[in-house]
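Asker: predicted coordinates and the sequence they were generated for:
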Amino acid sequence: MGCVGLLSSVRRDRRFVALIAAAALIAPAAQAAVIITSGATQNMSCSNGVCAPTAAKAVLNAGDLETLLASGNATVTTTGQGVQAHDIDIRSPVTWSSSSVLTLDARRSLIVDQPVSITGLSGLAVQTGRMFSFGNKGNVTFANLASSFSIDGAAYTLAGDIKTLASDIASDPGGDFALANSYDASGDGTYHASPIGILSGTFEGLGNTISNLSIDGPAQVKGGVLEGLFAEIDTTGTARNIDVSNANISVPANIGVTKVDGGAVLVGLNLGTLQSCVATGSVVNGKSNKYGPELGGLASSNGGTISYSRAAVKVNGIQSLVGGLVGYNGGSISQSSATGDVSGPFAGGLVGDNPAIVTGSYATGRVRARDEGGGLIGSNLAGSTVTNSYATGSVTDGADYVGGLIGYNEGTISSSYSTGHINGTTGSLVGGVIGYDGSLSGSLDATYWDLDTSGITDPSQGAGNIANDPGITGLTTAQFQSGLPAGFEPTV
């Protein structure tokens, strides 16, 4: 039930929340797996270009694999004679320049923890039963854009820069595309509209980075007037395994008489799937006569699913709805985080406005709000669900509602907590967890705040408008660290 199941194992370090954050978003180490590494080949049989395990735990030396590729096509599989491993994990660099094709066939997942470099006119074919993912040092690069690349039988078009990628997607929005290498966009100058319009197919970043992207205007698409690397990802669209770093996104409030709907680093409106995406940089908008666009670090609005993604983006909306990860969430967010500072009238460290689902996620950035502010969510509306999530950033509010976790709440919250310092002004409703709780009876379960770090020392002040609001408990730091609070599952 809880992403905080490690609380009982950490005792003296007041930074325990950072350790929990790291543990919560790291997948368990592969057990039954084929590991490609610098170690000696063990429990692997290679014959006629096919390497298969002879035991559930097997090692294939990266140099041995490169030798095979020098003379012809090679396949690494997790299925051997009477043996079934689950994952393939690349833990040492692999490179080849021949025309050979490498097939990686994993029953469950392929994890790339070190670079895979295809330096010739070669090919890579990936087969997975579940997930294709990358560690911090892992990526796949192609030196030749004419090389072949496929995932689960679907052929991908390789692009080496934003303009080529944008042109390819414009020609075939429902196609499958991959970024062949990391790309520095500083030479492109500032885009005056979202470079890519609508994606209804798949974009695979291959663990590569687009750095120094600069945009100062939106594109008009069917979802509205939107700004980001992608203006919109449609219901059938997917973007995954991409890092957009050091972006500078300036979102105007209006284009002439037309109101801009939203802006973010990666996508203006996500109706599809974002998986294992990263954004860093800044998103800002100017003053408007009305409330401005919805702003987010990763996406301005989400009506689809976001998982295993994070944003370290400073989001500043002078008259906007803002969130460190997403401005408005009408879909599902899971196993994701935001660490950038946010400010605006309605602001949340992770999400500005949430009428939907947030689970297994956290925010650590500072929040400054003028109307409703929460360390995790600014406004948590009716029908929403927040579980297994937390916030550690400070929250300051100039008016109305301020809470360590949520500013204004009408939804369901369980197994979640906040530890950041909370500071409201005269007339504000201030609570350790919730500023204003308007939820139905029984909607809160196993929610906590830190009496010491928050500055809200009154145990009855879990909500700003209801004394001793049922389902909210204040604990000292020592109590947090001495054992697992009720409502959290120690096996998670």
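Answerer: Now that the structure is in, tell me what you want to look at.

Asker: from now on I want contacts and neighbour counts done on CA atoms only, so please keep to that.
Answerer: OK.

Asker: and whichever helix or strand Leu102 is part of, which strands flank it?
Answerer: If you go by DSSP states H and E, Leu102 is part of strand 101-106. Applying DSSP bridges, strand 101-106 is found paired with strand 74-77 (parallel), strand 123-128 (parallel).

Asker: just the CA trace of it, in CSV.
Answerer: Coordinates of each C-alpha in strand 101-106 appear next as CSV, following Å, rounded to 0.1, in the frame of the first residue of the first chain:
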residue,chain,number,x,y,z
VAL,A,101,22.0,-7.3,-36.9
LEU,A,102,21.7,-7.9,-33.1
THR,A,103,18.4,-9.3,-31.9
LEU,A,104,17.7,-9.1,-28.1
ASP,A,105,14.8,-11.3,-27.3
ALA,A,106,13.7,-10.9,-23.6
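
Asker: just give me how far it sits from the chain centre.
Answerer: Strand 101-106 has its C-alpha centroid displaced from the chain centroid by 27 Å (Cα atoms, centre = their mean, to the nearest Å).

Asker: touching it from outside, list them.
Answerer: Residues from elsewhere that reach strand 101-106 (Cα atoms under 8 Å, 6 or more residues apart in numbering): 69, 72-78, 86-88, 110, 122-129.

Asker: buried only: go through those for me.
Answerer: Buried members of the contacts of strand 101-106, counted by 16 or more other Cα atoms under 10 Å: 69, 73-78, 86-88, 110, 122-128.

Asker: re earlier: out of the strands paired with strand 101-106, nearest to Ser415?
Answerer: strand 123-128 (32.9 Å; Cα to Cα).

Asker: let me see the mean pLDDT of that closest one.
Answerer: Taken as a whole, strand 123-128 carries a mean pLDDT of 97.

Asker: now stretch 464-480
Answerer: For stretch 464-480, mean pLDDT rounds to 96.

Asker: got the end-to-end distance for it?
Answerer: Stretch 464-480 has an end-to-end distance of 22 Å (criterion: Cα to Cα, to the nearest Å).

Asker: quick one: buried residues of that stretch?
Answerer: Result for stretch 464-480 [16+ other Cα under 10 Å]: buried residues 464-466, 468-477, 480.

Asker: before we move on, back to that, can you add distance to Thr236 and give the strands paired with strand 101-106 back as JSON lines?
Answerer: Output for the strands paired with strand 101-106, formatted as JSON lines (distance: least, Cα to Cα, whole Å):
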{"stretch": "strand 74-77", "distance to Thr236": "30"}
{"stretch": "strand 123-128", "distance to Thr236": "20"}
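
Asker: Ala369 is nearest to which of the ones you listed?
Answerer: strand 123-128 (44.0 Å).

Asker: show the model's pLDDT score for the closest residue to Gln81 other than its chain neighbours.
Answerer: If the residues on either side of it in the chain are set aside, Gln81 comes closest to Thr54, at 6.9 Å by Cα to Cα, 6 or more residues apart in numbering. You'll see Thr54 listed with a pLDDT of 97.

Asker: in this protein, what helix or strand scores lowest on average pLDDT?
Answerer: helix 16-24 (a mean of 34; mean pLDDT, DSSP states H and E).

Asker: what mean pLDDT does the helix or strand just after that helix get?
Answerer: Heading C-terminal from helix 16-24, the first helix or strand you meet, by DSSP H and E, is strand 33-37. For strand 33-37, the mean per-residue pLDDT is 98.

Asker: likewise stretch 217-228?
Answerer: Taken as a whole, stretch 217-228 carries a mean pLDDT of 95.

Asker: just say helix, strand or coil for Leu68.
Answerer: Of the three states, Leu68 takes helix under DSSP: H, G, I helix; E, B strand; the rest coil.

Asker: residue contacts, it?
Answerer: Leu68 sits next to Gly49, Ala74 when contact means Cα under 8 Å, 6+ apart.

Asker: now Leu60, which residues is it bridged with?
Answerer: Here Leu60, judged by DSSP bridges, has bridge partners Ile36.

Asker: break this structure into its domains for me.
Answerer: By the record's domain assignment, the chain is partitioned as 33-151, 176-482 (automatic domain parsing).

Asker: if you compare these, which one is most tucked away?
Answerer: Per residue and on average, the most neighbours among those fall to domain 176-482, with a mean of 25 (mean count of other Cα atoms under 10 Å).

Asker: contacting residues for the residue nearest to Gln81?
Answerer: So Thr54 contacts Asn43, Met44, Ser45, Gly80, Gln81, Val83 (Cα under 8 Å, 6+ apart).

Asker: list just the nearest of those to Glu227.
Answerer: Nearest to Glu227 out of these is Gly80 (Cα to Cα; 48.5 Å).

Asker: what separates that closest one from Ala33, distance-wise?
Answerer: In terms of Cα to Cα, Gly80 sits 12 Å off from Ala33.

Asker: do His192 as well
Answerer: From His192 across to Ala33, the span is 47 Å (Cα to Cα).

Asker: many thanks, have a good one.
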